[in-house]
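1. make a model of this:
(2 chains)
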Amino acid sequence: MRRRLTPYLLALPAWLWLAIFLVVPLAAMASVSTQTGNVIDGFQQTFTFANYTDAISRNSPQLLRSLWYGAAATVAMLVLGYPVAYWIAFKGGARKSVYLFLLLLPFFVSFVLRTISWGFLLADDGILFGTLKGWGLLPADFHVLATSFAVIAGLTYNWLPFMILPIYVGLERVDPRVIEASQDLYATKTTTFRKVVLPLSLPGVFAGVLMTFVPAVADPINAAVLGGTQNTMIGNIIQTEYLTNAQYPTASALSFTLMAVLLIGIFTYAKALGTENVLEAAAR
Amino acid sequence: MDPLMLRGMTQPRTRRNVLKLAGLSAAGLALAACGVQGQKAQNSPKPEAVKDFWSQQKKNGKVVFANWPEYMPEGQAPLKQFQQATGIAYEYKEVIQENAEFFGKVRPVLQAGQSLGYDIVVMTNGVQLQHMIDLGFVVELDHKQLPNFAANAGEKYKNRAYDPGNKYTVPYTSGITGIAYNTKYVKEDITSIQSLFDPKYKGRVGMMADAQEIGNFGCFAIGVDPEKSTEADWNKAGELLKKQRDDGLVRKYYDQGYIDAVAKGDVWLTMAWSGDVFQRQLAGEPVKFIVPQEGGTIWTDNMLIPKGAANPVDALMLMDHLYQPAVAAELEEFIQYISPVNGVVDILKQKAAEAKGEDKEALDLMIESPLIFPSEEDYAKLRSYRTLTTAEEQVYNRVFQSITQA
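-> Just a heads-up that it's a prediction; the model follows:
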């Protein structure tokens, strides 16, 4: 009897955690998203679904831009991260853990500080561009800060390790004997990679994309610190609506919209990748 | 237990249903419980109630002061003096970085009738301070216990539209929003707000992200007094600011970051706060500050006692302590914005006469600076934030945030 119940009892804290910190806040947020009012008179539940259409129509450029920035950053991370993960997994040798540690080292510095220090690095007359301009290699009005590129680069930089680690784990798990077998069957190195290693590492890629795309799309910091006048992301809007304007319904409606869009995106992606069960792939 | 029932209870399908139920009931609970409350201050309390409140309070020998960063000299000398003079122990906390964020954090606590744990809080005049007062979150002050304020506060700081008669707040410090420019890049003397719209500074103009700040400047630019502006004016100002952005003039809408940007040369001219610029000037950086001929904004950071404060009498005593000219002068030397206390300039002059070397230079700079002791002429050009009703606030924010958050 006790033995049969043990697994459920062990899982109990996790369920409670989910119920208290996920389900209840989500339900509350869902409720708030259809309320109307203001901070002085209070907000009443009026089931005003127009909050959604209003919030989306006013902020669709930022919503679309966030998806585009998030996607661009994710692709950049994949392109930069896969070779790194590959190298650590197959060529890292005895120092693998050192490399992984180095990868995580920047995370001992606060996220905001890291982004601001990028701002210093990329400043118009900062150490990098100031020097290049001094040598006459760049025109005087060249700048990177306050452009889409700066924001995407910032996002890429900040989440890169979260792309590398899952891919590394995926590659690490590839059985060397499978690779040997492929070579024994006269596959070239390219073919081995394309037909054996890459497919086996896809769950890692999927997890990496999941862990980077979602936070990158919702991030307000990079756009605020590195962006210019037309690089606002949806995270910034939600923050302003919630904190500055105290328009909780609008902020909640936007959050839900973002969540829905991301979920749809992820499931579509999972389908395209041929992963039957998203959760299974992520958990692997 | 019946094994059948046990199996029933632990079967996946059943478990999921149970979970669904639990989820639904949680949602129901949340729905019932949420409705974000708000309540207009119950018709502000009768004068007797305020009197009664204060007659029941007594000195507790302790006070907690919540303030913004860089608003108190290292070593906290003004507070130490207070402790020595009154025997009241103090705790000083730099916990306020932004009005909106701070209001967002404290609103639920105050709404629930709980204490913030702070006896004095400093907030800028503006929407959030207005909310605090409207929601009844601020304790009415007992001016009988503020003799120094009565004697030494500058006339301009006693009569403010956002808190007539200083019923709820007394000023801590004031500042000006004007234009700062980097003299390394800008070779002319900037005098007008129109320079912010001058095509020759394309991509080199900094504007502020705050809706009220940028709204004010938009109004000045179309020749309207922001304090008296109407919705039509906001739209017109919005058009102009939108054009300024779409023509590529604006590099970025800044929070605090503008000062580094203008000092580094990322932007050449920018909306700016007086005290920041003065500190950069002391550091020898090539930045200049002006109040445009069309007008600039004056804002005030105010001390208030939040509802539920444990030590209101001690809080009043500390507020009053800061209104002694000698204490205010000491604060001023560090803060370098505008002190609301009369007589500070004379004390600084005395100090300058006795000081030598760098100290003397810094003091002389301060005494002569219009950023710290604005002339009557400057004051005449300064306007306050417009007081907005909640309905107006929504319109106002939409007009100007659609520009700064594109």
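
2. buried set for the longest strand along chain B?
-> Longest strand in chain B, counting residues (DSSP state E): strand B:169-182. By neighbour count on 16 or more other Cβ atoms under 10 Å in any protein chain shown, the buried set for strand B:169-182 is B:169-182. (Glycine included, C-beta is placed from N, CA and C.)

3. over to stretch A:131-145?
-> Quick answer for stretch A:131-145 (16+ other Cβ under 10 Å): A:Lys133, A:Leu138, A:His143, A:Val144, A:Leu145.

4. ok, stretch B:232-243 next?
-> B:Asp233, B:Trp234, B:Lys236, B:Ala237, B:Gly238, B:Leu240, B:Leu241, B:Lys242.

5. what's near enough to touch the closest residue to the fifth one other than its chain neighbours?
-> In space, not counting the residues next to it along the chain, B:Gly238 is nearest to B:Val399; the distance is 4.4 Å by Cβ to Cβ, 6 or more residues apart in numbering or on different chains. Taking Cβ atoms under 8 Å, 6 or more residues apart in numbering or on different chains as the contact definition, B:Val399 lies against B:Gly215, B:Trp234, B:Asn235, B:Ala237, B:Gly238.

6. and the two most separated of the residues you listed?
-> Pairwise distances across the contacts of B:Val399 (Cβ to Cβ) peak at 11.1 Å, for the pair B:Gly215 and B:Asn235.

7. measure the closest residue to A:Thr244 other than its chain neighbours to B:Gln128 for me?
-> Distance criterion Cβ to Cβ, 6+ apart; nearest residue to A:Thr244, sequence neighbours excluded, is B:Ala100 at 4.1 Å. Counting by Cβ to Cβ, to the nearest Å, the separation of B:Ala100 from B:Gln128 is 6 Å.

8. same thing with A:Ala223?
-> 24 Å.

9. of these two, which one has the most company?
-> Using other Cβ atoms under 10 Å in any protein chain shown as the criterion, A:Ala223 and B:Gln128 rank with A:Ala223 on top: 26 against 22.

10. quick check: phi and psi on the more buried one?
-> phi -60, psi -40 (degrees, to the nearest 10).

11. spatially nearest residue to it, not counting backbone neighbours?
-> The nearest residue in space to A:Ala223 (Cβ to Cβ, 6+ apart) is A:Met233, at 4.2 Å.

12. the one you found and A:Ala224, how far apart?
-> Distance from A:Met233 to A:Ala224, by Cβ to Cβ: 9 Å.

13. hey, which helix or strand in the chain has the poorest pLDDT?
-> Reading this off chain A. helix A:278-283 (a mean of 50; mean pLDDT, DSSP states H and E).

14. can you look at chain B instead?
-> helix B:12-33 (a mean of 40).

15. got a list of what residue 218 touches?
-> In the absence of a named chain, this looks at chain A. By Cβ under 8 Å, 6+ apart, the neighbours of A:Ala218 are A:Ser66, A:Ile234, A:Gly235, A:Leu258, A:Leu262.

16. switch to chain B, please.
-> B:Gly218 is in contact with B:Trp234, B:Ala237, B:Gly238, B:Leu240, B:Leu241, B:Phe400, counting by Cβ under 8 Å, 6+ apart.

17. could I get these as JSON lines with pLDDT, secondary structure and distance to A:Pro215?
-> Converted to JSON lines, the contacts of B:Gly218 look like this (pLDDT from 0 to 100; DSSP: H, G, I helix; E, B strand; the rest coil; distance: Cβ to Cβ, whole Å):
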{"residue": "B:Trp234", "pLDDT": "97", "secondary structure": "helix", "distance to A:Pro215": "36"}
{"residue": "B:Ala237", "pLDDT": "97", "secondary structure": "helix", "distance to A:Pro215": "37"}
{"residue": "B:Gly238", "pLDDT": "96", "secondary structure": "helix", "distance to A:Pro215": "33"}
{"residue": "B:Leu240", "pLDDT": "97", "secondary structure": "helix", "distance to A:Pro215": "37"}
{"residue": "B:Leu241", "pLDDT": "97", "secondary structure": "helix", "distance to A:Pro215": "32"}
{"residue": "B:Phe400", "pLDDT": "95", "secondary structure": "helix", "distance to A:Pro215": "29"}
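
18. got the contact list for stretch B:372-383?
-> B:156, B:176, B:216, B:220, B:225-227, B:274, B:278, B:291-298, B:332, B:336-339, B:345, B:366-367, B:370.

19. separation between B:Gln84 and B:Ala77?
-> 10 Å.

20. neighbour count: the two, which is higher?
-> Remark: of B:Gln84 and B:Ala77, B:Ala77 carries more neighbours, 14 against 9, as counted by other Cβ under 10 Å.

21. how about that one, nearest residue that isn't a chain neighbour?
-> B:Glu330 (6.0 Å).

22. same thing with A:Ala89?
-> According to Cβ to Cβ, 6+ apart, the nearest residue to A:Ala89 is A:Leu171 (3.8 Å).

23. isn't that neighbour right up against A:Leu202?
-> No - judged on Cβ atoms under 8 Å, A:Leu171 makes no contact with A:Leu202 at a distance of 10.7 Å.

24. so between these two, which is more surrounded?
-> Using other Cβ under 10 Å, the more surrounded residue of A:Leu171 and A:Leu202 is A:Leu171, with 21 against 16.
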